[in-house]
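Peer 1: next comes the sequence, and after it the predicted model I'd like to discuss.
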Amino acid sequence: MNNKLVLVLNCGSSSLKFAVINADNGGEIMSGLAECFNLPDARIKWKIAEKKKSTSLHPYSAHSAAISFIVEEIIKKEAGLAEQFVAVGHRIVHGGEKFTESVIIDDHVLEGIEQCSSLAPLHNPAHVLGIKAAQSAFPALTQVAVFDTAFHQTMPAKAFMYALPYNLYKEAHVRRYGMHGTSHLFVTDQAAKALNKAVSDTNIISAHLGNGASVAAIKKGKCVDTSMGMTPLAGLVMGTRCGDLDPSIIEYLVTRQGYSLKGVMDMLQKQSGLLGVSGISSDFRNILEEHDKGNARATLAMEMFIYRLTKYIASYAVPLGHIDAIVFTGGIGENSHLVRSKVLELLTIFGYQVDSEKNKAAILGNQGIITAAGSPIAMVIPTNEEWVIAQDSAKLVSNQ
């Protein structure tokens, strides 16, 4: 077997992202998305050997049907592909305090993932469905769980605790957990290489910016603070999520404005953030287009996103003391030179000076430093969460 190929699955409540990754070099053999689960127009699209294809799934299809299609209609029709698989790697959003690292899935692990569903009700139940479907499709392959929360388990109590009655932490597990751990881990390793430093000697602020967004303070290669909280709702302004919020607003909307609690939470999760402020879109590209046209609410949404992001970055100078680099990653972080330049302009008190040409060149997968000579370093590093999942999965299989 020349290649260590891992089938990587990322199951959401209404969609499933999948990829086949070479664990040795990160090469992507195949990738795709099945979406609109439990709806009449359920569909799937994929790319293999630079060829893009798409088709409809049976109406109201969901995880099991999608995985069956991926196996029978895509993987098995590529001669010799399935024979090179060493594992199936599953991205799991929430591992609570039960899981501090990636693990091989057995009945005990599956039960633990289900028990964490109260902390990620939109994600973990879907992960369980995906795991069971993959076990059925690949009964002989090792299944591995890779947790978004694991990387953040090195945070000290002063960072992860909320100032609530202590029994809520001990009995109800209320604390900050953080997300996007695989992304923050990947860019930490890549930043250390770019800086010619050992990971254990690297201090960075990692900004993963996409429809979901978070910032992490990473000291000597370990996470010491992060912006998301017990759930992915806290922290930055996001596509449809509000980020940090005065909790009394919830009570006010329920008791004074006639909202139901469910209605408020649905609004905070799905109707807020860039979408709520702009009234246009949750897609940052659309926000920028409208900003360029002079749309005041689009401009406000953009400015709020940048302001909240910059405040978080600046605050993480406190736990780090010394910052080797600010790292931008994720769809917005990798491709919006405007966001990066405006963030760095707000950080001139720390001495940051953007190099306009380098900043504009760092798009479409290009990695590089974007600050001027003599400035503290800021850089762009394209993330590769799928490779992290594939590497962890292959490593655990080899250690069996």
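Peer 2: Looks like it arrived, so ask away.
Peer 1: name the helices or strands packed onto the helix or strand hosting Glu386?
Peer 2: In the assignment (DSSP states H and E), Glu386 maps to helix 385-398. Based on contacts counted as 3 or more C-beta pairs under 8 Å, 6 or more residues apart in numbering; DSSP states H and E, the elements that helix 385-398 packs against are strand 5-11, strand 15-22, strand 85-92, strand 103-104, strand 142-147, helix 181-194. Bear in mind the C-beta positions are built from the backbone N, C-alpha and C, glycine included.
Peer 1: now render those as CSV, adding mean neighbour count, distance to Ser248 and mean pLDDT.
Peer 2: As requested, the helices and strands packed on helix 385-398 are arranged in CSV below (neighbours: other C-beta atoms under 10 Å; distance: least, C-beta to C-beta, whole Å; pLDDT from 0 to 100):
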stretch, mean neighbour count, distance to Ser248, mean pLDDT
strand 5-11, 27, 35, 95
strand 15-22, 22, 34, 95
strand 85-92, 25, 33, 97
strand 103-104, 18, 39, 97
strand 142-147, 25, 32, 97
helix 181-194, 23, 30, 97
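Peer 1: okay, the ones you listed in a markdown table with distance to His123 next?
Peer 2: Rendered in a markdown table, the data for those read as follows (distance: least, C-beta to C-beta, whole Å):
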| stretch | distance to His123 |
| --- | --- |
| strand 5-11 | 8 |
| strand 15-22 | 11 |
| strand 85-92 | 8 |
| strand 103-104 | 17 |
| strand 142-147 | 11 |
| helix 181-194 | 13 |
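Peer 1: can you check which of those gets nearest to Val327?
Peer 2: Each of the helices and strands packed on helix 385-398 was scored for nearness to Val327 using C-beta to C-beta, and the closest is helix 181-194 (5.0 Å).
Peer 1: packing partners of the closest one?
Peer 2: Using 3+ C-beta pairs under 8 Å, 6+ apart, the elements in contact with helix 181-194 are strand 204-209, strand 213-219, strand 222-226, strand 325-329, helix 385-398.
Peer 1: quick one: which of the ones you listed is nearest Gln269?
Peer 2: Taking C-beta to C-beta as the measure, the helices and strands packed on helix 181-194 were each checked against Gln269, and strand 213-219 came out nearest at 14.2 Å.
Peer 1: and the strands in the stretch 251-400 of the chain?
Peer 2: Secondary structure of the stretch 251-400 of the chain (DSSP state E, counting those that start in this stretch): strands at 325-329, 368-369, 378-380.
Peer 1: how about a markdown table for those strands, with distance to Val86 and mean neighbour count added?
Peer 2: Converted to a markdown table, the strands of the stretch 251-400 of the chain look like this (distance: least, C-beta to C-beta, whole Å; neighbours: other C-beta atoms under 10 Å):
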| stretch | distance to Val86 | mean neighbour count |
| --- | --- | --- |
| strand 325-329 | 27 | 27 |
| strand 368-369 | 33 | 16 |
| strand 378-380 | 32 | 26 |
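Peer 1: make CSV from these and add mean pLDDT to it.
Peer 2: As requested, the strands of the stretch 251-400 of the chain are arranged in CSV below (pLDDT from 0 to 100):
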stretch, mean pLDDT
strand 325-329, 98
strand 368-369, 97
strand 378-380, 98
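Peer 1: got a markdown table for those strands, with distance to Val187 too?
Peer 2: Written out in a markdown table, the entries for the strands of the stretch 251-400 of the chain read as follows (distance: least, C-beta to C-beta, whole Å):
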| stretch | distance to Val187 |
| --- | --- |
| strand 325-329 | 5 |
| strand 368-369 | 13 |
| strand 378-380 | 9 |
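Peer 1: out of the ones you listed, flag the one nearest Leu7.
Peer 2: When these are ranked by proximity to Leu7, the top entry is strand 325-329, at 24.0 Å, counting by C-beta to C-beta.
Peer 1: how is the protein carved up into domains?
Peer 2: Under automatic domain parsing, the residue ranges defining each domain of the chain are 5-147, 196-385.
Peer 1: lowest-confidence stretch among those?
Peer 2: The stretch with the lowest mean pLDDT among these is domain 5-147, which comes in at a mean of 94.
Peer 1: now do the helices in the stretch 151-300 of the chain.
Peer 2: For the stretch 151-300 of the chain, the helices defined by DSSP state H, counting those that start in this stretch occupy 157-160, 166-172, 181-194, 248-255, 261-270, 273-278, 284-292, 296-315.
Peer 1: got a list of what Val174 touches?
Peer 2: Neighbouring residues of Val174 by C-beta atoms under 8 Å, 6 or more residues apart in numbering: Tyr162, Leu164, Leu168, Met230.
Peer 1: and Asp392, by the same measure?
Peer 2: Taking C-beta under 8 Å, 6+ apart as the definition, contacts of Asp392 comprise Gly89, Ser102, Val144, Val146.
Peer 1: isn't Ile104 up against Ser398?
Peer 2: No - counting by C-beta atoms under 8 Å, Ser398 is not a contact partner of Ile104; they are 11.6 Å apart.
Peer 1: tell me which residue is most central in this structure.
Peer 2: Within the chain, one residue has its C-alpha closest to the average C-alpha position: by C-alpha atoms, centre = their mean, that is His180, at 3.6 Å.
Peer 1: now that one: how far from His152?
Peer 2: Computed as C-beta to C-beta, to the nearest Å, the His180 to His152 distance reads 9 Å.
Peer 1: how about Met30?
Peer 2: When C-beta to C-beta is the yardstick, Met30 and His152 sit 30 Å from each other.
Peer 1: which of these two has more neighbours?
Peer 2: Between Met30 and His152, His152 has the larger neighbour count (other C-beta atoms under 10 Å), namely 28 against 20.
Peer 1: once you drop chain neighbours, what's closest to that one?
Peer 2: In this structure, His152 finds its nearest non-sequential neighbour in Gly178, 3.4 Å apart by C-beta to C-beta, 6 or more residues apart in numbering.
Peer 1: now Gly221
Peer 2: In space, Gly221 comes closest to Val199 once its chain neighbours are excluded; the distance is 4.0 Å by C-beta to C-beta, 6+ apart.
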